[in-house]
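[1] Here is my input, please return the structure:
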Amino acid sequence: MAVSQQPQLVFVDGTFAELAQEMSDYVHVGDDVKPLLEKDQKDEVLKKIIIASSALNSVPEKEFTAAYNLLVYLVLQSDNARMFLPRVCDNLMKPITSSPVNGPGLALNALTNIFNMLQPDNELRYNVFMAILRFVKQHQMFDNLKRYLPNLDTWLKDWDTDEEDQRKLYEDVADVAHETGDQETSYEHLKKALRTFEQDEVKSEEAQRLALRAVKTALLSPTHNDFQDLIDIPTIQALSDSNPVYFELLTIFAEKELDDYNDFLEEHKGFLEKEHLDGERLHRKMRLLTFASLAASTSSREVSYESIIKALQIPEGEVEMWAIDVIRAGLVEGRLSQQKKVFLVHRTTYRVFGEKQWRELLDRLDGWKGVLTNVAATLRKEQANAEAQKKRETEEIERRLANAGIGGGPSAPGGGRRGGGDRGERAPRKERTEDDD
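    Predicted coordinates:
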């Protein structure tokens, strides 16, 4: 599937009548089409050809792509392409009997060509993309489509797609991704679908259905540990009224710890089983999140084994295992010091940043301020000491020079060398004259 802003061109040579007659002969309806062409009944011609076009699925493999490209080209010459293209896409959803092995690839290529032959802002691209989505789901070819998903938001804007159709597309992408095991892509497109609801729709039945699905996906995902992006969506916030127990559970995973989760289980016995939620998986995730919170809240960058054991409710022998797991999950960076029995925190991320976290940050800043103040005072003291030492050394050097008689001041009368003069100064040489002879 192309992502350029210009449609892919299919080069053909001939008038519509010539090409339509050629195609109709190819699908064995030439005699029916000829009189319609003479009357210039273009759409009636296309109806005959489209009805017979299912025969293209059995043409030789080497002729398949060219035949479908010509068919699509003819359809796009009509003002009623919207009426004909769905039938062409439906034909491509059926088996390509002439090529059982390469058939799915040929059909997907033909669907992609249809998409690319349409102008970038043609809203028919939406319908073709939905057909491609159904096709890759049917043939388990999601990887062929996945790399183009980042373009969806731009395409939907180009097509001027309304919120309902956007939501349908995003949810269908989420379905296909889920079936192929790509839970992260599924979750991301569920969130996009949730954001298509207007404020007065967030409590609708459809909105709450999607919201519950997104919450379950996030909770059970083995890789997703950040719930703040989800809990900020208005549709999710509306769960606090329609499904308060689910919203409470989501809030616990977003910002609370294992003790809170255990209290929830005690208060809502049987809830996980009723909702078919994997209790073991949720318990493991809650322990990892609790470890992350513990690491983020320490000001000393060290978490004692004792604190880990208490917070995670585990025996000492499992501390190393959970430390490794929390690092692998990308929640914390650090290492264990078995000698000191502490976990040394190198980097961590707050799960939620609220009033409590602001206070912790302020405490840390105050601590750093105190440390920097002490460092600055120490540096100033050392600098003063260094300057005083330098001054003493300079004075000592000057004193020694003065005692040696080579000081920088003027000499006393009669001082210097014996003889009262400075032998370092010689009298000017007298020039020789003729009288000297």
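[2] Where does the spatially most central residue of the chain fall, secondary structure wise?
    The residue lying closest to the centre of the chain (CA atoms, centre = their mean) is Glu188, at 9.7 Å. Glu188 is part of helix 183-194, with elements assigned from DSSP states H and E.
[3] got the buried residues for that helix?
    Under the neighbour-count criterion of 16 or more other CB atoms under 10 Å, helix 183-194 has Gln183, Thr185, Ser186, Tyr187, Glu188, His189, Leu190, Lys191, Lys192, Ala193, Leu194 buried. No exception for glycine: its C-beta is placed from N, CA and C like everyone else's.
[4] again with stretch 311-331
    Using 16+ other CB under 10 Å as the test for burial, stretch 311-331 gives Ala311, Leu312, Ile314, Val319, Trp322, Ala323, Val326, Ile327, Ala329, Leu331.
[5] I'd like to know which of those residues is nearest to Glu302.
    When the buried residues of stretch 311-331 are compared for distance to Glu302 (CB to CB), Ala323 wins out at 12.8 Å.
[6] I figured that closest one hits Phe343, correct?
    Yes - taking contact to mean CB atoms under 8 Å, the distance of 5.7 Å between Ala323 and Phe343 places them in contact.
[7] Which parts of this protein are strands?
    If you assign secondary structure with DSSP state E, the strands in the chain sit at 302-304, 332-337, 342-348.
[8] If you count contacts, what does the shortest one end up packed against?
    The contact analysis (3 or more CB pairs under 8 Å, 6 or more residues apart in numbering; DSSP states H and E) places strand 302-304 against strand 342-348.
[9] now the angle from the strand it packs on to strand 332-337?
    Taking axes from the mean of the first three to the mean of the last three CA atoms, to 10 degrees, one finds that strand 342-348 is oriented at 160 degrees with respect to strand 332-337.
[10] Report the backbone C-alpha coordinates of stretch 273-285 in PDB.
    The C-alpha atoms that make up stretch 273-285 are tabulated as PDB, following Å, rounded to 0.1, in the frame of the first residue of the first chain:
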ATOM      1  CA  GLU A 273     -14.000 -14.700  38.500                       C
ATOM      2  CA  LYS A 274     -17.300 -13.100  37.500                       C
ATOM      3  CA  GLU A 275     -15.500 -10.800  34.900                       C
ATOM      4  CA  HIS A 276     -13.200 -13.600  33.700                       C
ATOM      5  CA  LEU A 277     -10.100 -11.600  34.800                       C
ATOM      6  CA  ASP A 278      -6.900 -13.600  35.400                       C
ATOM      7  CA  GLY A 279      -6.200 -13.100  39.100                       C
ATOM      8  CA  GLU A 280      -2.700 -14.500  39.000                       C
ATOM      9  CA  ARG A 281      -1.700 -12.200  36.200                       C
ATOM     10  CA  LEU A 282      -3.200  -9.200  37.900                       C
ATOM     11  CA  HIS A 283      -1.500 -10.100  41.200                       C
ATOM     12  CA  ARG A 284       1.900 -10.300  39.500                       C
ATOM     13  CA  LYS A 285       1.400  -7.000  37.800                       C
END
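[11] Quick one: mean pLDDT over that stretch.
    Confidence over stretch 273-285, taken as the mean pLDDT, stands at 96.
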